[in-house]
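[1] Have a look at this prediction, sequence included:
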Amino acid sequence: MRVVTLRRVWTAAGTRIGGRDLVYAGLLLLPFVLMIATLMIGLYGISIENVTRALLSPVFPGLADGLSQTEITLVLRIRLPRVLSAVLIGAALASTGVAFQGIFKNPLVDSNLLGVTSGAGFGAALALLIGGTTIVVQGFAFGFGLLAVSLAYLGSRLYSTAPMIVLTLMGILIGSFFGSLTSLMKYIADPLNTLPAITFWLLGGLTGVTWNSVPILALLTVLGSFFLWLVRWRLNILSLGDAEAATLGMNPNRLKLSIIVCATLMTAAAVAVGGVIGWIGLVIPHAGRIIVGPDHKRLIPASLALGASFLLLIDTVSRTLLPTEVPIGILTGLIGVPLLIVLLRRNRTGW
């Protein structure tokens, strides 16, 4: 009887593990399925066959026979760079949210904690005020995002006690400072031309995304995500506390600094291309923990997939829901707030 009982328990456990592995594998494949689906959806619908033929036509030109020039242009030049940008930005914001929540041991922080978004917003507003092109706006946003985090870090070095707490406080102060500068830019901007452009950019969106925006975003997102994957077990240890990490021979402060630098580069690149898009870095890690647990070995890939899928769905809704496109930042706030409340209520996995 005892052997039979143990065998049943072991079989049930194996079934649960197998089911979780199946969910995990499906989660990793979800962004690729959604990418094909979103390439089909729009005011001009395209069949899956024609989408596939258009995607393969640069490699196999014969597949373009029978396709209209409109379909090829929509898939390759308009929708594909936007879809890729949505996937990369969502993945970057979600994975950096996981990293920041892990090193700060706080479930209510994300990659905006150290002021990178406020700095990037000011940089974009300044570039728009002086009449910069899209490349200039993205460059200013990226540079000032890095500057904001650098100032927060340098300010935290003035105090030797509780470095992470001081860094958090400096990040909040620097973010508020750059937020005030952004308000100043909006105040002195031309209310007929420049002010609407600044306001629309700060709301977040992928309307003006082209292929020129994708390479740097892809490079920083892929390299940054790979780095976070390499330090996944160290993030598990950091979540337990600095004392445990030091006992195991790690240098917690140096590791945290390297993770912050990596996450800052990824966030700055995402904000530079997509504008201010909130709640992804805060909501998605909680959803990932409910699905795969708190172990960063699975949490980081799951958050990458969930973040990419979430923003891809939000962007599809923003460009198809109404005749005029709804800024992504508005939709992520409207959906993210109630979703986070539900996730916090259901989360039983702990930290």
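    Here it is on my side, so go on. Here the structure is a predicted model, which means the values were calculated and not measured.

[2] next helix or strand past the helix or strand that contains Phe32?
    Here Phe32, judged by DSSP states H and E, is contained in helix 2-40. Sequence-wise, the next helix or strand downstream of helix 2-40 (DSSP H and E) is helix 48-56.

[3] list the helices and strands that following helix packs on?
    If you count contacts as 3 or more CB pairs under 8 Å, 6 or more residues apart in numbering; DSSP states H and E, helix 48-56 packs onto helix 2-40, helix 69-73. Just so you know, the C-beta spots here come from the backbone N, C-alpha and C atoms, and that holds for glycine as well.

[4] ranking the ones you listed by mean pLDDT, which is last?
    For the helices and strands packed on helix 48-56, mean pLDDT drops lowest on helix 2-40, to a mean of 69.

[5] Next, count neighbours for Gly275.
    Neighbour count of Gly275, defined by other CB atoms under 10 Å: 26.

[6] any idea how far Gly175 is from it?
    Distance from Gly275 to Gly175, counting by CB to CB, to the nearest Å: 16 Å.

[7] Same question for Phe32.
    Taking CB to CB, one finds Phe32 at 35 Å from Gly175.

[8] Show me which of the two is the more surrounded one.
    Neighbour comparison, Phe32 and Gly175: the larger count goes to Gly175, with 22 against 13 (by other CB under 10 Å).

[9] That one against Leu114, yeah?
    Yes: at 7.4 Å, Gly175 counts as touching Leu114 under the criterion of CB atoms under 8 Å.

[10] Give the full set of residues in contact with Pro285.
    Residues near Pro285 by CB atoms under 8 Å, 6 or more residues apart in numbering: 94, 97-98, 101, 299, 303.

[11] Ala218: which of the residues you listed is nearest?
    Within the contacts of Pro285, the smallest distance to Ala218 is 15.8 Å, found for Ala94 (CB to CB).

[12] Remind me which helix or strand the closest one belongs to.
    helix 80-104.

[13] Which elements pack onto that helix?
    Using 3+ CB pairs under 8 Å, 6+ apart, helix 80-104 sits against helix 2-40, helix 163-188, helix 214-230, helix 232-238, helix 252-274, helix 280-292, helix 296-320.

[14] Give me the angle between the fifth one and helix 163-188.
    Between the axes of helix 252-274 and helix 163-188, defined by axes from the mean of the first three to the mean of the last three CA atoms, to 10 degrees, the angle is 20 degrees.

[15] Which of the residues in helix 252-274 are classified as buried?
    252, 255-256, 259-274 (16 or more other CB atoms under 10 Å).

[16] Let me know whether Val317 touches Leu331 as I believe.
    Yes: applying CB under 8 Å as the test, Val317 and Leu331 come out as touching, 6.3 Å apart.

[17] more neighbours, these two?
    Using other CB under 10 Å as the criterion, Val317 and Leu331 rank with Leu331 on top: 22 against 15.

[18] Could I get the contacting residues of the more buried one?
    Leu331 sits next to 314, 317-318 when contact means CB under 8 Å, 6+ apart.

[19] List just the nearest of those to Ala124.
    Of all those, Ala124 sits closest to Ser318, with 19.1 Å by CB to CB.

[20] Once you drop chain neighbours, what's closest to the closest one?
    Val326 (4.5 Å; CB to CB, 6 or more residues apart in numbering).

[21] Phi first, then psi, for that neighbour.
    phi -90, psi 130 (degrees, to the nearest 10).

[22] Just want the most central residue of the chain.
    Nearest residue to the geometric centre of the chain (CA atoms, centre = their mean): Leu93, 1.9 Å.

[23] right, and the helices and strands packed on helix 80-104 - which one's nearest Thr199?
    Closest among those, using CB to CB: helix 163-188, at 7.1 Å.

[24] counting contacts, what elements does the closest one pack onto?
    Using 3+ CB pairs under 8 Å, 6+ apart, helix 163-188 sits against helix 80-104, helix 116-129, helix 134-156, helix 194-202.

[25] would a markdown table of these with distance to Val283 and mean pLDDT be doable?
    Formatted as a markdown table, the helices and strands packed on helix 163-188 follow (distance: least, CB to CB, whole Å; pLDDT from 0 to 100):
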| stretch | distance to Val283 | mean pLDDT |
| --- | --- | --- |
| helix 80-104 | 8 | 94 |
| helix 116-129 | 16 | 94 |
| helix 134-156 | 21 | 92 |
| helix 194-202 | 20 | 92 |
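
[26] Distance to Ala246 for those helices - can I get that in TSV?
    Below are those laid out as TSV (distance: least, CB to CB, whole Å):
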stretch	distance to Ala246
helix 80-104	14
helix 116-129	28
helix 134-156	19
helix 194-202	41
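
[27] Out of those helices, which is closest to Leu248?
    Nearest of the helices and strands packed on helix 163-188 to Leu248, taken as CB to CB: helix 80-104 at 15.6 Å.

[28] Could you figure out how far the closest one is turned away from helix 163-188?
    140 degrees.
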